[in-house]
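K.L.:
Fold the following.
(one chain, ligands or ions: 2)
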Amino acid sequence: MNASTGKVNLLGLTQPQMESFFEQIGEKRFRAGQVMKWIHHFGIDDFDAMSNIGKALREKLKANAEVRGPEVVSEDISADGTRKWVVRVASGSCVETVYIPQAGRGTLCVSSQAGCALDCSFCSTGKQGFNSNLTAAEVIGQVWIANRSFGTVPAKIDRAITNVVMMGMGEPLLNFDNVVSAMHIMMDDLGYGISKRKVTLSTSGVVPMIEELGKVIDVSLALSLHAPNDALRNELVPINRKYPLAMLLEACQRYISGLGEKRVLTIEYTLLKGVNDQPEHAEQMIELLAKIPCKINLIPFNPFPHSGYERPSNNAIRRFQDMLHKAGHNVTVRTTRGDDIDAACGQLVGQVADRTRRSERYIAVRQLPADGAPAASQS
Ligand code: SAH
Ligand code: SF4
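P.N.:
Ligands and ions are numbered 1, 2, ... in the order given. A predicted model of the protein is given here:
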């Protein structure tokens, strides 16, 4: 419900939620499918353009509902075809969405929070502190905006966006309910029809929420590992002090095996010169991941001002990759895309208003209930 207009924003409703909405206004449930197609396949936000809906119902919809995406502040297109949108969310902050075209596919990198409370030492989003959780409409709204920018042909036919990764700003598992709803809409045929293998949630390791995720949705999982031992990971990814490596890898393994078919965990590892890129780190990683079905994605550090870190040399990156490869791992190195528009991993800074003070950086984690149930979130 939009507090200023008193209207329900239909953009963020999953199919069952949309059906209940129509029931609540005294209409048939099948209307949900018609309206979802207009919104998500055709990018329509004007009820008068929904031509298979009679005038009386259109008036009723205008009185009770709206289709409102986040406001687009800017759209940049890089020389390599990468696109970046800056969008303003209800809290007043701005977040970023990036589209990366590759041969035969297009990946959209979506944000889940304005800022992030987890304060990983090498991440510019983390450096900004936490401001707010995005609503479900603001998360799926990023897909809606990107899809509209490719023209209003149905998403299923056009398929400019074949993959979505929750790897933009924020920790998606700390905005659990809204991210899960948005991912349901991404995969729904009435939404964007993206295959469950091609929707990926990336987490820095919020263990209780990994367990919860497995109960409510089937999507691919990526773990931001970044260090092969607890001492180093405590330093780089502070949430490791609460949920150490053994516990974390067990939760990930359980999640993957719970999916019931042959699926693998993606391991993300940002390479930081002289910090986690040495042969000893590769050896420890080989041991740590020996029994885990996974593919490894190495991300050379993307610098930002005053980070205190450097990108390793190409030789060091290759040496690290070779060691993992020789141990039988599938290892790719993520190439930097959209560099000229600051669209690379860890360069997404948006504009975070009223950030939580750094001394309160663990607030979102501390708020997790002891039984690991999803924390209350906005919708
Ligand atoms: N919060 C989630 C998802 C967003 S970050 C997570 O941490 O997994 C997406 C990926 O980019 C993460 O693996 C993150 O660690 C990595 N990253 C952050 N800052 C980076 C930087 N400056 N250079 C390279 N990768 C970075
Ligand atoms: Fe947050 Fe992920 Fe950045 Fe860590 S890497 S601060 S969890 S967005």
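
K.L.:
quick one, what contacts M50?
P.N.:
Applying Cβ atoms under 8 Å, 6 or more residues apart in numbering, we find M50 in contact with Q34, V35, W38, I44, R58. No exception for glycine: its C-beta is placed from N, CA and C like everyone else's.

K.L.:
what's the spacing between V199 and ligand 2?
P.N.:
Taking Cβ to the nearest ligand atom, to the nearest Å as the measure, V199 falls 18 Å from ligand 2.

K.L.:
what's the neighbour count on the nearest residue to that residue once chain neighbours are set aside?
P.N.:
Nearest residue to V199 in three dimensions, chain neighbours excluded: V219, at 4.6 Å (Cβ to Cβ, 6 or more residues apart in numbering). Counted with other Cβ atoms under 10 Å, residues neighbouring V219 total 25.

K.L.:
Make sure V219 is actually in contact with T203.
P.N.:
No: contact criterion Cβ atoms under 8 Å: V219 and T203 do not qualify, at 11.4 Å.

K.L.:
okay, and the common contacts of those two?
P.N.:
Contact with both V219 and T203 is made by no residue, according to Cβ under 8 Å, 6+ apart.

K.L.:
mind listing what's buried in the host helix or strand of N147?
P.N.:
Secondary structure from DSSP states H and E places N147 in helix 136-149. Neighbour-count burial for helix 136-149, with 16 or more other Cβ atoms under 10 Å as criterion, is recorded at 136-148.

K.L.:
Ligand 2: which of these is nearest?
P.N.:
Among the buried residues of helix 136-149, V139 lies closest to ligand 2 (Cβ to the nearest ligand atom), at 14.5 Å.

K.L.:
give the contact list for that closest one.
P.N.:
Contacts for V139 were tallied using Cβ under 8 Å, 6+ apart; they are G12, V110, S111, S112, N175, N178, V179, S181, A182.

K.L.:
sec struct for the closest residue to it other than its chain neighbours, please.
P.N.:
Closest residue to V139 apart from its sequence neighbours, by Cβ to Cβ, 6+ apart: A182 at 3.7 Å. Three-state call for A182 (DSSP: H, G, I helix; E, B strand; the rest coil): helix.

K.L.:
quick one, domains of this protein?
P.N.:
8-66, 71-365 (automatic domain parsing).

K.L.:
among these, which is the most enclosed?
P.N.:
For these, average neighbour numbers computed from mean count of other Cβ atoms under 10 Å are highest in domain 71-365, which has a mean of 19.

K.L.:
circling back to that earlier point, show me the contacts of M50 that map onto helices.
P.N.:
Taking DSSP state H, the ones among these that sit in helices are Q34, V35, R58.

K.L.:
From G151, how far off is the second one?
P.N.:
By that I understand V35. Counting by Cβ to Cβ, to the nearest Å, the separation of V35 from G151 is 21 Å.

K.L.:
repeat for the first one
P.N.:
Taken as Cβ to Cβ, the spacing of Q34 relative to G151 amounts to 21 Å.

K.L.:
So which residues on the chain come close to ligand 1?
P.N.:
120, 122-123, 167, 171, 202-204, 224, 268, 270, 299, 301-302, 345-346 (Cβ under 6 Å from any ligand atom).
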